[in-house]
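S.K.: how would this look folded up:
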Amino acid sequence: MLIGNLIISMLAALVALLIGFYELPLLQRVNPEFISSSQYKLIWLWVVGYAAFAFITTLAREIIKDSEDIEGDKQYGSVTLPVHFGLLHTKYIIISIVAVILLTIGYLQYIFFSDWLAVAYISLLIYIPLFYLIWLVFKATDKRDYHRASWIMKLVMVSGILFALVVNPELAIF
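M.R.: Now for the predicted structure:
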């Protein structure tokens, strides 16, 4: 049910937080001049932002996948959101989560990112796919529709991770 989705989402967020908890203090201890106090706070802001993004996008995708697998979950006796509340209510939950993602990213973009590259990247690889995802979930009638929605959410997740390379290309070490 939802507890499993929340656990998976927290574990996804924990990956980003581990960098902040273990790598950043070590880096600051080894080379104190390398990271000033303001840089340290900015890096933590990014870490927390990535953790929040990982949590909420993973939660949405897990619920979408539960919707995709509703028939098997019913046969197996699993109590997931779609099984418990029905697909219609689950659609509204998914759309609400995606709306929170869109509003949060829109707010953060307005506050922090005004350069054309960031705006273009977010628009093409985050906004457009998420609006398409909302439409797809709203119109979903079968397993294939939910599978497509899950794939779109995965694309958004990867695009969100790669956004750091757009903002700070020096991070690309390959």
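
S.K.: need the longest helix for the protein.
M.R.: helix 37-68 (DSSP state H).

S.K.: that one: how far from the chain's middle?
M.R.: When C-alpha coordinates are averaged (CA atoms, centre = their mean, to the nearest Å), helix 37-68 and its chain have centres 5 Å apart.

S.K.: what mean pLDDT does that helix get?
M.R.: The average pLDDT for helix 37-68 rounds to 91.

S.K.: buried ones in that helix, by neighbour count?
M.R.: 40, 43, 47, 49-68 (16 or more other CB atoms under 10 Å). (C-beta placed from N, C-alpha, C; glycine too.)

S.K.: what's the answer for stretch 63-82, then?
M.R.: Under the neighbour-count criterion of 16+ other CB under 10 Å, stretch 63-82 has 63-70, 73, 78, 80-82 buried.

S.K.: before we move on, back to that, which strands and helices sit next to the longest helix of the chain?
M.R.: Applying 3 or more CB pairs under 8 Å, 6 or more residues apart in numbering; DSSP states H and E, we find helix 37-68 packed against helix 2-18, helix 24-30, helix 81-85, helix 87-112, helix 143-167.
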